[in-house]
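# coords please:
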Amino acid sequence: MVKADFGSRMIAFFIDVIIYLVIQFLTVSLLLPLWASEDISFREFLSFLGILFLIGLLYFWIFVPTMESSKYQGTIGKIIMKIKVTDIDGRRLSIGRAVLRAICKQISGLPLMAGYFVALFNANGQALHDMIVSTIVTIKVDERDSYYERLNQ
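The predicted structure follows:
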């Protein structure tokens, strides 16, 4: 297993955030006209914010873990960057471990994303949430490439 570099992980993260923001923008674009009146109540405004919050929960705590525990072993950003999430032994994550990883990312985000930068100083390139849940982000190697690498050794 070859650990993914910090830059690839960050680019994958930003791709995922952009996808999330597009989903939020589309949601706002579709739902705002329903609430857009001059006499919108505070309660209606809070329910609108609640819907946006729910979409965030669904995306980061259900969609992301589902993708990371799937055969793709990563989010759309990770797939594009050709990296994947595995356990320490290189096996695909269970859905439970992927959800726990998503929850622990909240810890990595406090304060000021410091837990993510731990990956710069860790020998395995693990962020704080990876260390807590015993996961690692590696470069996705095409089986054909590894076959040719073995032939050339």
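
# SS state for the closest residue to Lys3 other than its chain neighbours?
Counting by Cβ to Cβ, 6 or more residues apart in numbering, Lys3 lies nearest to Gly125, which is 3.9 Å off, once chain neighbours are set aside. Quick note: C-beta positions are derived from backbone N, CA and C, even for glycine. Under DSSP: H, G, I helix; E, B strand; the rest coil, Gly125 falls in the coil class.

# ditto for Gly90
coil.

# now it: closest residue in space, sequence neighbours ignored.
That would be Met1: by Cβ to Cβ, 6+ apart, it lies 5.2 Å from Gly90.

# thinking that neighbour is in contact with Val85, fair?
No: with contact defined as Cβ atoms under 8 Å, Met1 does not reach Val85; the gap is 11.6 Å.

# these two: who's more crowded?
More neighbours surround Val85 than the other of Met1 and Val85, with 26 against 14 (other Cβ atoms under 10 Å).

# for the chain, which helix is longest?
Using DSSP state H to define each element, the chain has its longest helix at helix 6-35.

# distance between that one and the chain's centre?
Its chain's average C-alpha position is 12 Å from that of helix 6-35, according to Cα atoms, centre = their mean, to the nearest Å.

# now that helix: buried residues?
Across helix 6-35, burial judged by 16 or more other Cβ atoms under 10 Å covers Phe6, Ser8, Arg9, Ile11, Ala12, Phe13, Ile15, Asp16, Tyr20, Ile23.

# what about Lys84, neighbour count?
Residues near Lys84, counting by other Cβ under 10 Å: 23.

# contact partners of the strand or helix carrying it?
Secondary structure assignment for Lys84, by DSSP states H and E: strand 83-87. Here strand 83-87 makes contact (Cβ atoms under 8 Å, 6 or more residues apart in numbering) with 1, 4, 8-9, 12, 68, 72-74, 78, 92-93, 97-98, 101, 134-140.

# for the residue nearest to Gly90, what are its contacts?
For Met1, the contact set (Cβ under 8 Å, 6+ apart) comprises Thr86, Gly90, Ile136, Thr138.
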